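S.K.: Next one to model:
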Amino acid sequence: MRASRLCVLSILLAALLLAACGPFAAPTVSRRTVLPTTAPTTSGSHGPLAAQAYAPDDIRAAYDIAPLHQQGITGQGQTVVLIESFGDPTLQADIDAYNQRYNLPPITIQVIAPIGSKPFDPSNDDMLGWAGETALDAEIVHAVAPGAKIVVLTSPVSETEGTIGLPEFRQLEQYALDHHLGSVISMSWGVSEVTLTDTAGRAEIAKWDTLFHQATTQQGVTFVTGSGDNGATDFADLTPTQLSSTATTSFPSDDPWVTSAGGTTLLTDGNHFFDESAWDGSGGGFSRFFATPDYQKTLPSAVQSQLQNRRGVPDIAANADPHSGWIIRALNRWQVIGGTSAAAPFWAGLIALANQKAGHPLGFINPALYQLAQGKGTADFRDITTGNNTFDGTGDRGGSLVHVQGYPAVPGWDPITGLGSPDAAKLIPDLITAAGGS
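M.R.: Purely as a prediction, here's the structure:
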């Protein structure tokens, strides 16, 4: 199992911690060898702010989603597709328990294995990690868009680094498009650009880019992924495990036709006030494969000097710090999980809400997001202006220590939290208008 599959390992470790300590213990962070002993705290006009474990009601309050639900905008009539390796044998039981605990409506999740399946082995750490990831993705989508349907497409091959698992995932996504399964596809996985520089890697990326381009522009599908959990770096090799000693980013976060979600640390005063800083694990930076897309060319000259005609990631952000994690039910245990693999399904759920309100799929939303940020700024987004994603460590499987200088969160777009996190009640109607909807 690899850390660049967006904090999957933390799910497995959380299960072990919870078995010993009871529910809601914070997981070990997969990308660090030494952890801070306390959750981040700060103070402001609202009093002391601190990280905590967040339930669905907390997340809906933090991102102003509750007013949409009160209007009946719950994702009704929409379907979110999740792309996973192996799947999760306890998925339905876990989401049933999750719904009962948090008073969410029941849902039957459709699981399809169009290219075959592999028997679940509970002694296989990789399968355990993917099972937890599958539960995480489904439960977060359901918390944000409780009226939406969820379809899980599973591969019998584990996606790791380089091209391993990518052709199979591409088959799954083509299946979803051919069968019109849903208008939002969420991908909680990523491949380091450093491992895709050879001929085979570049050829595989080209096939994906064609798929994304056609699906967004011709079928109205929105693709969402996380920006990664290794800060400004990512893996250079898995055998032996080694992080790149220079800044890099990951695919498909880097693809211009995909909406990339970075990570924040969500803080609260415990009395319905929330604030955020940049999570230092949030992947972010500049692509070596893709040029600056037109929608990022509208960013200020100071940003253009950073971009240097490269695609910058992420586009937007949401809570991802394991110390301010999401409470989920996975593998028959209550756990607290972080990672940008949580930010991706969160945004997928928001897009399902937007599609319902618009009455049609919004499809390629990136140009509209950047248009809004130039015009409305803080009205639609919580601009994240503190923190950075400098990396010091080894990754979850050891290797040499690396120091990779990251990027600071600044006013406006930055290569750690993008345009910021959403005020959903304001953003969604404005996004519909900017995307040419009603």
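S.K.: The residue nearest to Ala143 when sequence neighbours are not counted and Leu104, how far apart?
M.R.: Leaving aside its sequence neighbours, Ala143 sits nearest to Pro56 (CB to CB, 6 or more residues apart in numbering; 3.8 Å). Using the backbone N, CA and C atoms, a C-beta is placed for each residue, glycine as well. Distance, Pro56 to Leu104, by CB to CB, to the nearest Å: 7 Å.
S.K.: same check, this time on Lys357
M.R.: Distance from Lys357 to Leu104, by CB to CB: 20 Å.
S.K.: The two: which is more packed in?
M.R.: Lys357 (19 against 15; other CB atoms under 10 Å).
S.K.: C-alpha coordinates for the strand or helix carrying that one, CSV please?
M.R.: In this structure, Lys357 sits in helix 340-358 according to DSSP states H and E. This file holds the C-alpha atoms of helix 340-358, laid out as CSV (Å, rounded to 0.1, in the frame of the first residue of the first chain):
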residue,chain,number,x,y,z
THR,A,340,-7.4,14.8,0.5
SER,A,341,-9.2,11.5,-0.3
ALA,A,342,-11.9,13.0,2.0
ALA,A,343,-11.9,16.4,0.3
ALA,A,344,-12.6,14.8,-3.1
PRO,A,345,-15.9,13.0,-2.3
PHE,A,346,-16.9,16.1,-0.2
TRP,A,347,-16.7,18.2,-3.4
ALA,A,348,-18.3,15.4,-5.4
GLY,A,349,-21.3,15.7,-3.1
LEU,A,350,-21.4,19.5,-3.4
ILE,A,351,-21.5,19.1,-7.2
ALA,A,352,-24.4,16.7,-6.9
LEU,A,353,-26.3,19.4,-5.0
ALA,A,354,-25.4,21.9,-7.7
ASN,A,355,-26.6,19.6,-10.4
GLN,A,356,-29.9,19.1,-8.7
LYS,A,357,-30.5,22.8,-8.2
ALA,A,358,-29.5,23.6,-11.8
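S.K.: which residues touch Phe286?
M.R.: Ala247, Thr249, Gln306, Leu307, Gln308, Arg310, Arg311, Gly312, Val313, Pro415 (CB atoms under 8 Å, 6 or more residues apart in numbering).
S.K.: I'd assumed Tyr407 was in contact with the last one.
M.R.: Yes - the pair Pro415 and Tyr407 qualifies as a contact (CB atoms under 8 Å) at a distance of 4.5 Å.
S.K.: Pull up the overlap in contacts between those two.
M.R.: Both Pro415 and Tyr407 are in contact with Gly284, Gly285, Asn389, where contact means CB under 8 Å, 6+ apart.
S.K.: Now for the second one: which residues touch it?
M.R.: Looking back up the chat, that one is Gly285. Here Gly285 is in contact with Ala232, Ala247, Thr248, Thr249, Gly312, Val313, Tyr407, Pro415 (CB under 8 Å, 6+ apart).
S.K.: ok, now with 10 Å
M.R.: 193, 227-228, 231-234, 247-250, 253-254, 306, 310-314, 389, 404, 406-407, 415-416 (CB atoms under 10 Å, 6 or more residues apart in numbering).
S.K.: Next, find the distance separating it from Thr241.
M.R.: Taking CB to CB as the measure, Gly285 falls 20 Å from Thr241.
S.K.: backbone phi and psi for the residue nearest to Ala143, please?
M.R.: For Pro56, the backbone dihedrals (degrees, to the nearest 10) come out as phi -50, psi -40.
S.K.: how many neighbours does it have?
M.R.: Using other CB under 10 Å, Pro56 is surrounded by 23 other residues.
S.K.: so it makes contact with Pro105?
M.R.: No - here Pro56 does not reach Pro105: they are 11.6 Å apart, not a contact under CB atoms under 10 Å.
S.K.: Now do the shared contacts for those two.
M.R.: Shared contacts of Pro56 and Pro105, defined by CB under 10 Å, 6+ apart, are found at Asn99, His142, Pro146.
S.K.: Tell me the buried residues within those residues.
M.R.: For these, a burial check counting by 16 or more other CB atoms under 10 Å picks out Asn99, His142, Pro146.
S.K.: who are the neighbours in contact with the second one?
M.R.: For His142, the residues meeting the contact criterion (CB under 10 Å, 6+ apart) are 56, 75, 80, 95, 98-99, 102, 104-107, 109, 148-150, 345, 349.
S.K.: Out of the residues you listed, which sit inside helices?
M.R.: Judged by DSSP state H, helices contain the following of the contacts of His142: Pro56, Ile95, Tyr98, Asn99, Pro345, Gly349.
S.K.: ok, so of those residues, who is nearest Pro119?
M.R.: Nearest to Pro119 out of those is Ile95 (CB to CB; 21.8 Å).
S.K.: Count the residues that sit near that closest one.
M.R.: Other residues within reach of Ile95 by the criterion other CB under 10 Å amount to 24.
S.K.: hey, what's the closest residue to Ala409 other than its chain neighbours bridged with?
M.R.: Leaving aside its chain neighbours, Ala409 sits nearest to Ala278 (3.9 Å; criterion: CB to CB, 6+ apart). Under the criterion DSSP bridges, Ala278 forms beta bridges with Thr264.
S.K.: ok, and the closest non-adjacent residue to Phe251?
M.R.: Phe251's closest residue in space is Val191 (CB to CB, 6+ apart), at 4.9 Å.
S.K.: right, and that neighbour touches Thr197 too?
M.R.: No - when contacts are counted by CB under 10 Å, Val191 is not listed as touching Thr197 (11.3 Å).
S.K.: more neighbours, the two?
M.R.: Val191 (30 against 14).
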